Structures are given as C-alpha cells and as structure tokens.
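Visitor: Here is my input; please provide its structure:
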Amino acid sequence: MYEIKYKVKISDSDYYEDLKLSSLLRLIQEISILHAEELNIGKSATLDKGIIWVVLKEMFIIKRMPKYNEDIIIKTYPLKTKHHIFPRNYLIYDSNNELLIESSSLWTLVSIKDRKLIEPDEYNIFVEEEDTDFNIDSPRKIEKDNVSFKYDRLIKYSDLDLNLHCNNTNYANYILDIKDKDFYKDHKFSFFEIIYNKELKENETLEIFSNDDLSYIEGLSDNSTIFTAKVIF
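Guide: Predicted structure coming up:
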C-alpha cells in the first residue's frame, strides 16, 4: 500500500476551513500519479508513448472532511485489473489514525491522438493487485432524477490540464457553485460520486442541471452528457 503525508493548505480549504471537494479530487489524482511512477507505469510508460491515464468514476464515503492545517495520511492500492479497467482504492486518515474518507475509482488508458482505448499489454502496462483487509464498494450507476437548469459556464484556458481538456477536479467546483456559501454552513459532505462520460474542451459551454438536494447532478454540453454526480450530506 502506497502512502503520503500531507498538511492541508489554505488553498485547499473552503470558507469553513474544510478541505474543498475539488482539493480532495486533486489529492486523489496526485497520489495516483505518484504511485504510478513507483510502479513504473507513470509518465515514461504512458505520456511519453502517446497514451494517458483517464479516470472514469470516483466514489467517496466521507466521515469528516480534513480541516485547514490538519496533518493527514493518504493511502492507495490497486485492485485486480479487468481488461481495460484499472480499479484503485484510497484511504485518508487523520494524525490519530482515525479513518476520515474511503474512496474507490476506476481508471483506463486511452490514446492521446484519438482518445480510443488502448490494449495495456501492447504497452507493457501491468498492475498487480494488492491484498488488503478493506472492502470498499466500487462506483455504481447513478440513478437519474428530475432536474432543472442551474447555470452554464464557458470553459477557458485556466480550466484545462496537460491533456488539453477540462480537468476533472474542476467539476467538483462547478457542482458546489449550484448553492451559495450559507448552504454549506449546515450541509457537510458524507458521500460523493461522479461518473465522467465525455471530455470537455476549451470554448465549449457546460450546462449544469440538478435536483434540489444535489442527489442528482448532470453536466451537459451540446446535448451530450459530460458527467453525472451524486452528493449526500
């Protein structure tokens, strides 16, 4: 099991000194990249050869969000590869070894050129399953609900990452912006799940739809679903 220690920075935190949802996604993304490098399936084995890791789904069970200036431990381990799908789990602890967050995710590999799935064997990409005592559910299908239009957002340069598409961590911010800061004073996250359906590029417009309690959120662009998400407080 791979782990890192991290102190929550002010830039990671929201108005209430909680770790922002987008910061949580970013930390998960970063430890995944670090572990990939240690497993020799990082940049030299992927990006330098014209392929990239893409996250498909993420799910978080949140007992408590870490606070500003808090020391935390983030752990990750891979599960059994299922052809093109690479499952990976995460655990976040406080400094007293109290479990704060459990998370699961599904990843795959695509060609940078045409975004098509690649055969991992052709690039010598192998990930060995780790045996652990933890049993975290995999991300599931999110049940659709009646929604209404909330707002739209034009994707610009600052939203993009090195893959030249809107970074997935940004979607968490777009989801939170459905409500105002007063809402989050009394609504703390206990569960978050997101499914990434399609990438979003510069100068494309994202339309955000949701129901009232944010248990179903959908991001659309040109009538195509970009993501669906679910929040429980």
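
Visitor: remind me, longest helix of this structure?
Guide: helix 21-38 (DSSP state H).

Visitor: Please, where are all the helices along this protein?
Guide: 21-38, 169-176, 181-185.

Visitor: closest to Ala229 out of those?
Guide: helix 169-176 (5.8 Å; Cβ to Cβ). To be clear about C-beta, it is placed using only N, CA and C from the backbone, and glycine gets the same treatment.

Visitor: residue ranges with poor pLDDT in the protein?
Guide: For the chain, the stretches with pLDDT under 70 are 133-134, 138.

Visitor: picking up where we left off before, which one of the helices of the chain is the most hemmed in?
Guide: For the helices of the chain, average neighbour numbers computed from mean count of other Cβ atoms under 10 Å are highest in helix 169-176, which has a mean of 21.

Visitor: And the residue nearest the centre of the chain?
Guide: Centroid-nearest residue in the chain: Leu25, 4.3 Å away (criterion: Cα atoms, centre = their mean).

Visitor: ok, the nearest residue to that residue once chain neighbours are set aside to Asp71 distance?
Guide: With sequence-adjacent residues excluded and distances taken as Cβ to Cβ, 6 or more residues apart in numbering, Leu25 is closest to Thr169, at 4.2 Å. Separation of Thr169 from Asp71 (Cβ to Cβ, to the nearest Å): 22 Å.

Visitor: For the helices of the chain, give me JSON lines that also has distance to Tyr216.
Guide: As requested, the helices of the chain are exported to JSON lines (distance: least, Cβ to Cβ, whole Å):
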{"stretch": "helix 21-38", "distance to Tyr216": "16"}
{"stretch": "helix 169-176", "distance to Tyr216": "11"}
{"stretch": "helix 181-185", "distance to Tyr216": "17"}
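
Visitor: Nearest approach to Glu202 belongs to which of those?
Guide: helix 169-176 (12.5 Å).

Visitor: circling back: so which residues make contact with the longest helix of the chain?
Guide: For helix 21-38, contacts defined as Cβ atoms under 8 Å, 6 or more residues apart in numbering pick out 2, 4, 6, 8, 11-13, 42-43, 46, 53, 55, 58, 60, 65, 74, 76, 78, 88, 90, 101, 103, 105, 107, 168-170, 172-173, 175-176, 189, 192.

Visitor: closest one to Leu220 among the helices of the chain?
Guide: Of these, the one closest to Leu220 (Cβ to Cβ) turns out to be helix 169-176, at 11.8 Å.

Visitor: Show me the strands in this protein, by range?
Guide: 2-7, 51-62, 71-78, 86-94, 99-111, 148-154, 191-196, 205-210, 217-221, 224-232 (DSSP state E).

Visitor: so which of those strands gets nearest Ile142?
Guide: Counting by Cβ to Cβ, Ile142 lies closest to strand 224-232 out of the strands of the chain; the figure is 4.9 Å.

Visitor: what helices or strands is the closest one leaning on?
Guide: helix 169-176, strand 191-196, strand 217-221 (3 or more Cβ pairs under 8 Å, 6 or more residues apart in numbering; DSSP states H and E).

Visitor: helices or strands up against the longest one?
Guide: With contacts defined as 3+ Cβ pairs under 8 Å, 6+ apart, helix 169-176 has these neighbours: helix 21-38, strand 191-196, strand 205-210, strand 217-221, strand 224-232.
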